[in-house]
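[1] coords please:
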Amino acid sequence: MVYLSMIFFQIVAPILILLIVGAMLQRKFQFNLKALSHLITYCFMPAAVFINIYETQIEMAVVGQLTLFIVLFIGSQMILSHYLAKVMRLNRQESAVFKNSVVLINSGNYGIPVAQMIFVTQPIGVAIQVILVIFQNMTTYTYGLYNLISATKSGLEIVRDFLKMPIIHALWIGGLLNYLDVPIPQTFRIPLDYVVGGFVAMALITLGAQLSQIQMKTMFNKTIFISCFTRLIVGPAVALGIIYLLGIDGVVAQSLFIASAFPTSRNSSSLALEYDIESATAAQTVLFSTIISCLTVTVVIYMSNILFV
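    Okay, here's the model as predicted:
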């Protein structure tokens, strides 16, 4: 119990504090959230991705395990959410938002900061989370958009938008320089380190500012409860089964297990808002799952340290 409370106060509580700070600042100053989001997407996150990939040595066997885990885990969540939506008899729009809320995970401005706090002395844990962000973005702009049945974007446009994402280029450039063992001149390394150092705070404060715009009073309904239970409880349970099935252990297993417990991605809300499909429900699900995850992620981190020493 002491160790559990230590995890909460040293890892989860600091995240919660930064979310609250972001919410309070947003209420007072009304920041341009789109500008803040662009700053994260086009500056802070690519820098963090680049440095983590550049500094980490990942064996090909680990990459193979990671890819297989992601395919099995995301596939299982797609199937599970599909049949749950049928059992709940949701209409087409409700079903789309529900499935996205289960499958799309906040691996970016929630997952990477958590990983950086937990795996501060084990860079591979953060690198794995970075790779998961890439896969989550692929899922968002393929499966997520497909669910919402957009009439305004073709498949080619979706692929084009995905390839424009800065983290994709940060990933391959960081990987290439890592493989070739190319040193980064201090002139570039110093500003990169400054940006990476500010990523965690910037990402979480921005997320808090975004969540502050969501109304809490209407989010207590059956669909949101089931979505959050599936995302935060069933998801990690399924991930644990897959980890044991594939024989993954150590830091890799810890990282994957913890990553499976993160709340619903804010992208699920952004997509729903963009295409005007149950946007209120999508936003409320993001908020509710983020709040509840403060407890569930604490438990999963605790379990990961017991199960995968």
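[2] contacts, neighbours, all on C-alpha from now
    OK.
[3] tell me the spacing between the residue nearest the centre of the chain and Ile190.
    Nearest to the mean C-alpha position of the chain, by C-alpha atoms, centre = their mean, lies Ser107 at 1.4 Å. Using C-alpha to C-alpha, to the nearest Å, Ser107 is found at 26 Å from Ile190.
[4] same deal with Glu94?
    Glu94 is 47 Å from Ile190, by C-alpha to C-alpha.
[5] quick one: which of these two has more around it?
    Glu94 (18 against 12; other C-alpha atoms under 10 Å).
[6] quick one: that one and Ala272 touch, right?
    No. With contact defined as C-alpha atoms under 8 Å, Glu94 does not count as touching Ala272 (10.4 Å).
[7] could you list the low-pLDDT ranges of this structure?
    Residues of the chain that meet the criterion pLDDT under 70 lie in 1-4, 58, 141, 148-159, 161-162, 215-220, 270-271, 273-276, 279, 309.
[8] would you map the helices across the stretch 201-309 of the chain?
    Along the stretch 201-309 of the chain, counting by DSSP state H, counting those that start in this stretch, helices occupy 222-229, 235-246, 250-259, 266-274, 279-307.
[9] with distance to Met138 and mean neighbour count added, can I get the ones you listed in TSV?
    As requested, the helices of the stretch 201-309 of the chain are exported to TSV (distance: least, C-alpha to C-alpha, whole Å; neighbours: other C-alpha atoms under 10 Å):
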stretch	distance to Met138	mean neighbour count
helix 222-229	21	18
helix 235-246	19	18
helix 250-259	16	23
helix 266-274	12	20
helix 279-307	19	21
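[10] wait, which of those helices is closest to Gln65?
    helix 235-246 (7.4 Å; C-alpha to C-alpha).
[11] can you state the direction angle for the closest one and helix 250-259?
    Counting by axes from the mean of the first three to the mean of the last three C-alpha atoms, to 10 degrees, helix 235-246 lies at 150 degrees to helix 250-259.
[12] which other helices and strands does helix 235-246 contact?
    Applying 3 or more C-alpha pairs under 8 Å, 6 or more residues apart in numbering; DSSP states H and E, one finds that helix 235-246 contacts helix 60-87, helix 250-259.
[13] what lies in contact with the last one?
    Taking contacts as C-alpha atoms under 8 Å, 6 or more residues apart in numbering, the residues outside helix 250-259 that touch it are 62, 107, 111, 115, 122, 124-126, 128-129, 236, 239-240, 243, 297, 300-301, 304-305, 308-309.
[14] angle of it against helix 279-307?
    Going by the same axes, to 10 degrees, helix 250-259 makes 150 degrees with helix 279-307.
[15] specify the angle between helix 250-259 and helix 60-87 in degrees.
    20 degrees.
[16] and helix 250-259, how far out from the chain middle?
    How far helix 250-259 lies from its chain's middle: 14 Å, per C-alpha atoms, centre = their mean, to the nearest Å.
[17] using PDB, write down the CA coordinates of it.
    Output of helix 250-259 as PDB, limited to C-alpha atoms (Å, rounded to 0.1, in the frame of the first residue of the first chain):
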ATOM      1  CA  GLY A 250      11.400  -6.900 -18.400                       C
ATOM      2  CA  VAL A 251      11.200  -3.200 -19.300                       C
ATOM      3  CA  VAL A 252       9.500  -4.000 -22.600                       C
ATOM      4  CA  ALA A 253       6.700  -5.800 -20.900                       C
ATOM      5  CA  GLN A 254       6.400  -3.000 -18.300                       C
ATOM      6  CA  SER A 255       6.200  -0.300 -20.900                       C
ATOM      7  CA  LEU A 256       3.600  -2.200 -23.000                       C
ATOM      8  CA  PHE A 257       1.400  -3.000 -20.000                       C
ATOM      9  CA  ILE A 258       1.500   0.600 -18.700                       C
ATOM     10  CA  ALA A 259       0.800   2.000 -22.200                       C
END
